[in-house]
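Asks: pasting a predicted model and its sequence here:
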There are 2 protein chains.
Amino acid sequence: MRRIPESTTLLFDLWALANATHAALDEALRDSGLTADEFAVYSVLRRPDGRTPSELAAAMQLPATTVSSVVRRLEQRGHVERATDPTDRRSSRLTLTPAGEAAHARARKAFRPFLARVEAGLGIPVDRARDVLDRIDEAVRAAADA
Amino acid sequence: MRRIPESTTLLFDLWALANATHAALDEALRDSGLTADEFAVYSVLRRPDGRTPSELAAAMQLPATTVSSVVRRLEQRGHVERATDPTDRRSSRLTLTPAGEAAHARARKAFRPFLARVEAGLGIPVDRARDVLDRIDEAVRAAADA
DNA sequence: CCCAGCTGCTGCGATCTCGCACTACCGTGC
DNA sequence: GCACGGTAGTGCGAGATCGCAGCAGCTGGG
């Protein structure tokens, strides 16, 4: 059984695919000590100046509450640091600690060959795939706003 | 902010898109009394002869344990019924009750206009989008097996 | 400059997820 | 026809999710 045969609509195809991808990512990262979710967080926070919790939530497309608890976990782990945002005292800027950087580097190393295999197996240019995801994203967003 | 600007890879684009889609689906179904996950389950079980728990798990791309607890929930709700599988006594066949059918019909009604808006907003044929999702699915599966 | 309403964030808690370990059953090899 | 490795399903429990409500701190209208 290759394809998801039961699905009625594009959207649930997408949803099932995401579940499968999530599991595959977790598996690929297994030895690195990070889950797929965490890897995503680290990737976002790695950028210059870090991010605020709400920026992080927007990037991950997850509720702020969820992100908040994830961040707490990563702080306890010593991988994320929190500096008060000079321009808004309600908020704060999150950045990776050196330990967090190291963990992300390790995970990237485990992740790279997996990603390469996926891209090689695609059979179409990555950008084309990304473009389609983009369009779906846009369409979903527009439909949700209506 | 339309696009997910932080993402490093196709796979995490996909992952974030799935989160957004999930939230949008839940929102679209809000008044129907079903969540997106549940709607997917009902859609699968609606087919003739129902499905076994493991077939359901395969369709949803979720661990069997998770599916098991979801099914228990839906049974308690009186929407799903369990008949012992005549050919394998370890297993069982799950089907929708009339109440479950009714709930699904209600949800479909709430869902249809949303789906229509998404498909209209796509800007490309649905089949083309589905095809790309297919290819990603295949590539991820192949990469995970390696 | 102040207050009304808004936004960023988090504590709490009900609910859900899913790995582990286990049972019941199947199928193959002998 | 029996042992035995494999598969279907689930109970349990640690941990994760995320809606609600609440608290700072921001911001704009008067």
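Replies: Great, that's in hand. Numbers count the residues shown, from 1 in each chain, chains lettered A, B, ... in the order given.

Asks: so what's the residue of chain A found nearest DNA strand C closest to, chain neighbours aside?
Replies: Closest to DNA strand C within chain A is residue A:54: 2.5 Å, counting by Cβ to the nearest atom of the strand. Placement of C-beta: from N, CA and C, glycine included. Excluding its sequence neighbours, the residue lying closest to residue A:54 (Cβ to Cβ, 6 or more residues apart in numbering or on different chains) is residue A:64, at 6.1 Å.

Asks: give me the neighbour count for residue A:89.
Replies: 8 (other Cβ atoms under 10 Å in any protein chain shown).

Asks: from chain B, how far off is the closest residue to residue A:38 other than its chain neighbours?
Replies: Of all residues not flanking residue A:38 in the chain, residue A:74 sits nearest, at 7.0 Å (Cβ to Cβ, 6+ apart). Counting by Cβ to the nearest Cβ, to the nearest Å, the gap from residue A:74 to chain B is 16 Å.

Asks: remind me which helix or strand residue A:74 belongs to.
Replies: Using DSSP states H and E, residue A:74 sits in helix A:64-76.

Asks: elements contacting that helix?
Replies: helix A:36-45, helix A:53-60, strand A:80-84 (3 or more Cβ pairs under 8 Å, 6 or more residues apart in numbering or on different chains; DSSP states H and E).

Asks: between that helix and helix A:53-60, how many degrees?
Replies: Calculated by axes from the mean of the first three to the mean of the last three Cα atoms, to 10 degrees, helix A:64-76 forms an angle of 110 degrees with helix A:53-60.

Asks: show me what the longest helix seen in chain A is in contact with.
Replies: For chain A, the helix with the greatest residue count under DSSP state H is helix A:98-122. Under the criterion Cβ atoms under 8 Å, 6 or more residues apart in numbering or on different chains, residues A:24-25, A:28-34, A:39, A:42-43, A:45-46, A:74, A:78-81, A:96, A:126, A:129, B:9-11, B:135-136, B:138-140, B:142-144, B:146 lie in contact with helix A:98-122.

Asks: the residue nearest to residue A:54 and residue A:57 touch, don't they?
Replies: Yes - between residue A:64 and residue A:57 there is a contact at 4.7 Å, judged by Cβ atoms under 8 Å.

Asks: who has more neighbours out of those two?
Replies: Legend: neighbour count by other Cβ under 10 Å for residue A:64 and residue A:57, higher for residue A:57 (19 against 11).

Asks: which residues does the more buried one contact?
Replies: So, once contact is read as Cβ under 8 Å, 6+ apart, residue A:57 ends up touching A:63, A:64, A:66, A:67.

Asks: just the buried ones out of these, please.
Replies: Neighbour-count burial (16 or more other Cβ atoms under 10 Å in any protein chain shown) is assigned, among those, to residue A:67.
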